[in-house]
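Sequence plus predicted model, see below.
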Amino acid sequence: MDDCIFCKIIRGEIPSEKHYEDDLMIVIDDISPKAEKHYLAIPKKHYKLFSQMTEKDADDLGHCLRKIGEIAPSLGLNNGFRCIVNQGDDAEQTVFHLHMHLLGGQKLSTPDYRI
């Protein structure tokens, strides 16, 4: 997508410190952190929702999740982290390119919706 901010970051059109990058994903700082450590793990392929993924996209997202687990200590997420994906308007998704928020580096409060 030509106007997607995450696509522009992935293409190098908007500078951002990349804490990790491979063929399928990048990990960058969130510009509005909600925890001591707050990163965005962004698949390089553009799609908004899980429902828009192909089988290949699902495999690629699995790679991203495994890689997050591997690199978490290097991101300062040694004691655990929260992974959040906002999907659609009701979840207040603000950038319409699927991405995962990784929050940690501190004891996180328990959200009201905890199951």
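Right, received. Where do you want to start?

Could you report the pLDDT at residue 115?
Here the pLDDT value assigned to residue 115 is 43.

any idea of the mean pLDDT for the longest helix that the chain contains?
Longest helix of the chain, by residue count under DSSP state H: helix 55-71. Across helix 55-71, pLDDT averages out at 97.

Can you tell me what sits against whatever helix or strand comes next after that helix?
Counting by DSSP states H and E, the next helix or strand C-terminal to helix 55-71 is strand 81-84. Applying CB atoms under 8 Å, 6 or more residues apart in numbering, the contact partners of strand 81-84 are 35, 37, 68, 72, 100, 101, 102, 103, 104, 108. Heads up, the C-betas are built off the backbone N, CA and C, glycines and all.

The longest helix of the chain: which residues count as buried?
Residues of helix 55-71 classed as buried by neighbour count (16 or more other CB atoms under 10 Å): 57, 60, 61, 64, 67, 68, 71.

returning to what we had before: closest one to residue 43 out of the contacts of strand 81-84, please.
The nearest member of the contacts of strand 81-84 to residue 43, counting by CB to CB, is residue 100 at 8.7 Å.

Tell me the spacing between the nearest residue in space to that closest one that is not next to it in sequence and residue 29.
Distance criterion CB to CB, 6 or more residues apart in numbering; nearest residue to residue 100, sequence neighbours excluded, is residue 41 at 4.4 Å. From residue 41 across to residue 29, the span is 11 Å (CB to CB, to the nearest Å).

and those two? which has more neighbours close in?
residue 41 (24 against 15; other CB atoms under 10 Å).

Flag the shaky bits of this structure, pLDDT-wise.
Across the chain, the ranges flagged by pLDDT under 70 are 112-115.

which residues of it fall in helices?
Under the criterion DSSP H, the chain contains helices at 5-11, 55-71.

neighbouring contacts of the first one?
Taking contacts as CB under 8 Å, 6+ apart, the residues outside helix 5-11 that touch it are 1, 14, 16, 26, 28, 40, 42, 44, 46, 95, 97, 99.

Can you tell me which of the residues you listed has the most neighbours?
Of those, with other CB under 10 Å as the count, residue 42 tops at 25 neighbours.
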